[in-house]
Every structure is written in C-alpha cells, then in structure tokens.
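Asks: Provided below for reference: sequence and predicted model.
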Amino acid sequence: MSKSANQTMSAQERLAIRISNMIGSPKAQLHRQARIHKLDTDPEEVWDLLIGALAESAELEVTFEDDGDVTVRWEEDKEAAKEEGDDFINVEAFNWEKDTAASGLGE
C-alpha cells in the first residue's frame, strides 16, 4: 500500500481492516477466537463504535478484558464449513458500513 493511500484512509477504515486481519488470521480461525487490542492511535469513539458493532453480532461472543483488550469468539458455522470445507468466519461479510452508518463516522 502506498503512503498516499494509507493517508487517505479514515481511522475507522484502518481499525476495521486491522480487526478483520486479526479475526481472519490462520491462528484465530483455528482457535475460533481473536484478542483485539486498542492502539494509542485508535480514536476512542471509533474503537467504541466498531467493538460495539462486533458485540451486537449474534454470531460473536465479545469479552471485555481487564487490560482493555477485547476477545472475540465464535462457534463453527456448520453450514459454511460444508460449503467452504472449513470453519472459517467470513470477516469480509461483516458489513462495517451498515453497522456503523448511524454514527456518521463511516463517512
């Protein structure tokens, strides 16, 4: 990614990509959980918005840890596993724009 492309991404887009990458990592997929940490550069309102969107998802269990991290867990999706041959959670299917549109931060 070029430096100029990175500069044009919003804080919400950067955080959404980071969360998606953490959840989509092979280790997270194997264990069906990911621990997400807030960076100093993540604006509080964007963090709260995106973590809130994850917490509202019926497919995910979100645990707020004492150190400020968030652990996201999910069960194997038996139907998707049959179609895809694994127990992968489709993070690309999570609609960040729809789930965060009301905040005005997605603009």
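Replies: On my side now, so go ahead.
Asks: Would you mind finding the longest helix in the protein?
Replies: helix 11-24 (DSSP state H).
Asks: Where do the helices of this structure begin and end?
Replies: Counting by DSSP H, the helices of the chain are 3-8, 11-24, 26-31, 44-55, 78-84, 96-100.
Asks: Can you get me a residue count around G52?
Replies: For G52, the neighbour count with other Cβ atoms under 10 Å is 13. Every C-beta, even on glycine, is put in place using the N, C-alpha and C of the backbone.
Asks: Report the contact partners of it.
Replies: By Cβ atoms under 8 Å, 6 or more residues apart in numbering, the contact set of G52 is empty.
Asks: Can you tell me how far it is from Q29?
Replies: 23 Å (Cβ to Cβ, to the nearest Å).
Asks: Check T41 too.
Replies: 26 Å.
Asks: More neighbours: which of those two?
Replies: Neighbours were counted for T41 and for Q29 using other Cβ under 10 Å; Q29 has more, 17 against 8.
Asks: check contacts around T63.
Replies: 70-73.
Asks: ok, now H37?
Replies: Applying Cβ under 8 Å, 6+ apart to H37 gives the contacts 68-70.
Asks: next one: T41
Replies: A11.
Asks: Which one (most neighbours) among the contacts of H37?
Replies: V70 (19 neighbours).
Asks: and the gap between that one and W47?
Replies: 9 Å.
Asks: buried ones in stretch 13-30?
Replies: Judged by neighbour count (16 or more other Cβ atoms under 10 Å), stretch 13-30 contains these buried residues: 15-16, 19, 22-23, 28-29.
Asks: where does the protein have low pLDDT?
Replies: 1-7, 78-107 (pLDDT under 70).
Asks: hmm, try it at 80
Replies: 1-7, 77-107 (pLDDT under 80).
Asks: tally of neighbours for the closest residue to K38 other than its chain neighbours?
Replies: Leaving out its chain neighbours, the residue that sits closest to K38 by Cβ to Cβ, 6 or more residues apart in numbering is W47, at 5.2 Å. Number of residues near W47 (other Cβ under 10 Å) recorded here: 19.
Asks: from memory V70 sits against I51, does it?
Replies: Yes: between V70 and I51 there is a contact under Cβ atoms under 8 Å: 5.5 Å.
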